[in-house]
Structures are given as C-alpha cells and as structure tokens.
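Novice: Structure for this input, please:
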Amino acid sequence: MTILKNWALLVLLLVSLAACKESAPKVEQQDESEIEQSATEAPQEELTVVAAEAKVSFPTGEYGSLVLGFEGNQLTGYYDMPLGSGNGCSFFLEGQLTEAGKEVAVKAYFPGSEEVVEGTLTQEIQAVTLKLAANPGGQCDPSLYGEGEKLMLSQPATYLRVGVLSQEASVYADAKQAEAKGKLDKFAVVFVLQQMDGWLEVQEMNGEIKGWISAKELFGLR
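Specialist: The predicted structure is shown next:
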C-alpha cells in the first residue's frame with residue numbers, strides 16, 4: 001500500500017514538472033513580442049521630431065529703409081535712406097521669387113534712369129539681406145555693395161506691390177472716376193492695394209493720399 005502511494009506521488013510530481021516546462025516558453029515568447037513592439041515604435045517617434053522644421057518666407061511689409069511687396073512670384077520694393085543736405089540713397093527694386101529660403105536675384109534702379117544695378121536679396125527669419133554689385137546713384141552706404149545690409153521686418157503689411165508714378169496723376173474716390181480726391185506727383189512711391197479693370201487702388205508711401213489711379217500712370221517693370 002505504501003508503495004502505491006509513493007508511485008502516485010511520483011506521478012503527480014512528474015505531471016507538475018511537465019506543466020511548468022510548457023508554461024515557461026509562453027512567458028518568454030510574450031516578453032519577446034513586447035520588446036519587438038517597442039523597438040518598432042521608437043523610430044516613429046524620432047521621425048516625428050525630425051519632421052518639425054521651420055519654413056522661411058518673404059513677408060510683405062517694411063524692413064527699415066526698405067519696403068517690399070509680393071504679387072505672386074513678382075517682388076517689388078523701394079529703398080529710401082535720407083542722408084541729410086537733401087541727399088539720400090533711393091532706388092526701386094524688382095525680382096522674381098524662387099523657393100523659400102533661397103537667394104533671389106534683383107535689379108536696383110531709379111525709375112526713369114537707364115542705370116541698372118544687379119544684386120541679391122537673401123531670405124532670413126523675419127529679415128532680409130540686400131547686397132548690390134555697385135552703388136546705385138552714387139549716394140548709398142558702402143555696406144549695400146560690400147557685405148550687404150541686413151534689414152529686419154519692422155512693420156508687416158498686406159498690399160500687393162510697390163509702384164512709382166511715371167507722371168502726375170489725379171486720385172479718385174473709386175475706379176469710376178466719380179470724384180477726384182487730390183493729386184500725386186511724378187515719382188511718388190505708392191503701395192498697390194487692389195486692382196480692377198485697369199485701375200489701381202493705391203496708398204501713398206509716407207503720405208495720407210489714398211484712392212484710385214490708372215494703371216498706366218505707374219512705371220513698368222524692366
């Protein structure tokens with residue numbers, strides 16, 4: 001009888017050992033799957049961090065002595081730096097935009113003059129650097145045609161482009177020429193706010209006159 005009891009205990013012991021061996025691999029396999037899952041999730045978090053990158057663009061507005069406007073890919077601007085004794089560094093600027101953050105080729109000249117100076121406008125965050133190949137008009141600071149001048153955005157705006165009047169122009173209350181509000185002199189610099197049927201709503205730079213003029217009364221681009 002004692003022998004039978006011992007055999008029964010031995011059988012139970014063997015069954016228990018076999019059950020432990022079967023359950024052990026299942027636990028290890030679950031741990032391995034959890035490790036593989038965490039390993040595949042880690043690179044996704046890294047990609048998300050790398051993808052966050054600031055984009056640089058040209059905002060319309062006033063950059064100290066320079067005002068810039070953008071209508072599509074067309075860049076227009078006007079640089080005006082008084083130097084005293086009635087002299088100053090003034091010129092019109094035009095160019096074509098490329099990709100954000102890229103250097104843009106520009107032309108600097110005074111409307112009505114044949115002289116054109118080549119240059120570049122480089123985009124930065126809330127700033128531009130203007131560099132010219134020569135001194136337009138002979139009155140500008142050497143930094144403009146040396147290492148270039150960095151100009152910070154001081155006043156954002158929403159106008160379309162910058163223009164210069166090729167002749168004296170009457171300014172009207174609307175595009176139908178119903179009521180004249182005043183006149184703008186030749187070479188006056190204006191911001192173009194909107195356009196309609198060959199007429200432009202403009203705001204005089206450094207002045208109070210605002211109204212409509214004919215688009216033919218602005219100097220054309222080169």
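Novice: next structured bit after the helix or strand of the chain with the lowest mean pLDDT?
Specialist: One helix or strand of the chain scores below all others by mean pLDDT, DSSP states H and E: helix 2-51, with a mean of 48. Of the helices and strands lying after helix 2-51 in sequence (DSSP states H and E), the nearest is strand 61-63.
Novice: Mind listing the strands that following strand pairs with, and their directions?
Specialist: Strand pairing for strand 61-63, using DSSP bridges, gives strand 66-71 (antiparallel), strand 155-156 (antiparallel).
Novice: Any idea which of the ones you listed gets closest to Ala134?
Specialist: strand 66-71 (17.5 Å; CB to CB). Backbone N, C-alpha and C define where each C-beta goes, glycine included.
Novice: so how far is the next helix or strand after that closest one from its chain's centroid?
Specialist: Scanning forward in sequence from strand 66-71 by DSSP H and E, the next helix or strand is strand 74-84. Relative to its chain's centre, strand 74-84 lies at 20 Å (CA atoms, centre = their mean, to the nearest Å).
Novice: next one: stretch 96-109
Specialist: Centroid separation between stretch 96-109 and its chain, computed with CA atoms, centre = their mean, is 12 Å.
Novice: burial measure for Gly69, as a count.
Specialist: Using other CB atoms under 10 Å, Gly69 has 22 other residues around it.
Novice: Excluding sequence neighbours, find me the nearest residue to it.
Specialist: Spatially, and ignoring its direct neighbours in sequence, Gly69 is nearest to Arg161 (4.0 Å; CB to CB, 6 or more residues apart in numbering).
Novice: Phi and psi next, for the one you found.
Specialist: phi -160, psi 170 (degrees, to the nearest 10).
Novice: quick one, the helix or strand hosting Ala105 and strand 74-84 angle?
Specialist: For Ala105, the host element (DSSP H and E) is strand 103-109. Here the directions of strand 103-109 and strand 74-84 differ by 50 degrees (axes from the mean of the first three to the mean of the last three CA atoms, to 10 degrees).
Novice: Could you give the bridge partners of Glu204?
Specialist: Val190.
Novice: on that earlier part again, dig out what the residue nearest to Gly69 forms beta bridges with.
Specialist: Beta-bridge partners, per DSSP bridges, of Arg161: Val192.
Novice: show me the contacts for it.
Specialist: Going by CB atoms under 8 Å, 6 or more residues apart in numbering, Arg161 touches Gly69, Phe70, Glu71, Gln74, Thr76, Phe191, Val192.
Novice: what's the farthest-apart pair in these?
Specialist: Longest distance between any two of these is 14.3 Å, between Gln74 and Phe191; criterion CB to CB.
Novice: of these two, who's got more company?
Specialist: Using other CB under 10 Å as the criterion, Gln74 and Phe191 rank with Phe191 on top: 23 against 14.
Novice: The more buried one contacts Tyr159, doesn't it?
Specialist: Yes - contact criterion CB atoms under 8 Å: Phe191 and Tyr159 qualify, at 3.9 Å.
Novice: Quick check: phi and psi on Ser143?
Specialist: Phi and psi for Ser143, reported as degrees, to the nearest 10, are phi -60, psi -30.
Novice: Number of residues surrounding the nearest residue to it once chain neighbours are set aside?
Specialist: Using CB to CB, 6+ apart and skipping residues adjacent in sequence, the residue nearest Ser143 is Glu149, 4.9 Å away. Using other CB under 10 Å, the number of residues around Glu149 comes to 22.
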